[in-house]
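Visitor: Sharing a model that was predicted from the sequence below.
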Amino acid sequence: MPINAGMMSSDRSDWETPRELFDRCDSIWHFDLDVASSDENALCECHFTKDSDALKQSWGGHRSWMNPPYGREIAAWVEKAARESEKPNTIVVGLLPARTDTAWWTRWVEPVAAEIQFLSGRVRFCIGGVQQQSAPFPSALVRWGGKLPKKARG
């Protein structure tokens, strides 16, 4: 199966979360805020879009889902998730590329995340709700903040 060229390039950074992966995670963490969405693909009633700029908003007091843009700006999103999770009653769960050799991973994931779950296989992201070919990179679920008893592995 050929690799989707769009997933290898930086021309698209808004890959949608597969619904079944979100639903599995939501059954554990009960999200009330989607911090990186559009009005068309939001997974929670309360959500931030590009126009509302989640990086300038408070995520405090929420159980937030984050599938951030995977371009160069991912570092800012991961740092924001880690910092916001320090607020009372705040959990952030991010679907991230498992890029363990990057500066953002070694600064804002590995040493400060409450939980890291490497996903088996490759995520099949969506465009317009339609699953695309598998991502050419491994992914991980990263949780900052809170205590919860079970994992989201399926």
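Guide: Noted; the coordinates are in hand. What you see is a predicted model, and the numbers here were worked out from it, not measured in a lab.

Visitor: residue boundaries of the helices in this protein?
Guide: For the chain, applying DSSP state H gives helices covering 5-8, 19-29, 74-84, 103-108.

Visitor: so which of those gets nearest Arg143?
Guide: helix 19-29 (7.6 Å; Cβ to Cβ). Glycine gets a C-beta too; all of them are placed from N, C-alpha and C.

Visitor: per-residue confidence for Ala76?
Guide: If you check Ala76, the pLDDT there is 98.

Visitor: got a list of what it touches?
Guide: Applying Cβ atoms under 8 Å, 6 or more residues apart in numbering, we find Ala76 in contact with Leu55.

Visitor: ditto for Val123
Guide: Val123 neighbours (Cβ under 8 Å, 6+ apart): 18, 21, 95, 134-135, 139.

Visitor: Taking those residues, please make a PyMOL selection of just the buried ones.
Guide: Here is the PyMOL selection string for the buried members of these, based on 16 or more other Cβ atoms under 10 Å:
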select buried, resi 18+21+95+135+139
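
Visitor: can I get the contacts of Val123 in a markdown table with distance to Gln57?
Guide: Output for these, formatted as a markdown table (distance: Cβ to Cβ, whole Å):
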| residue | distance to Gln57 |
| --- | --- |
| Pro18 | 25 |
| Leu21 | 24 |
| Leu95 | 19 |
| Ser134 | 32 |
| Ala135 | 27 |
| Ser139 | 25 |
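
Visitor: what's the burial count for Ile28?
Guide: 15 (other Cβ atoms under 10 Å).

Visitor: What's the separation between it and Asp39?
Guide: 26 Å (Cβ to Cβ, to the nearest Å).

Visitor: Most tightly packed of the helices of the chain?
Guide: helix 74-84 (a mean of 20; mean count of other Cβ atoms under 10 Å).

Visitor: Now find how far off-centre it is within its chain.
Guide: 11 Å (Cα atoms, centre = their mean, to the nearest Å).

Visitor: Can we start the residue count at 110 from this point?
Guide: Let's use 110 as the start, then, which means that last one is helix 183-193.

Visitor: lowest-confidence helix or strand of the chain?
Guide: helix 114-117 (a mean of 41; mean pLDDT, DSSP states H and E).
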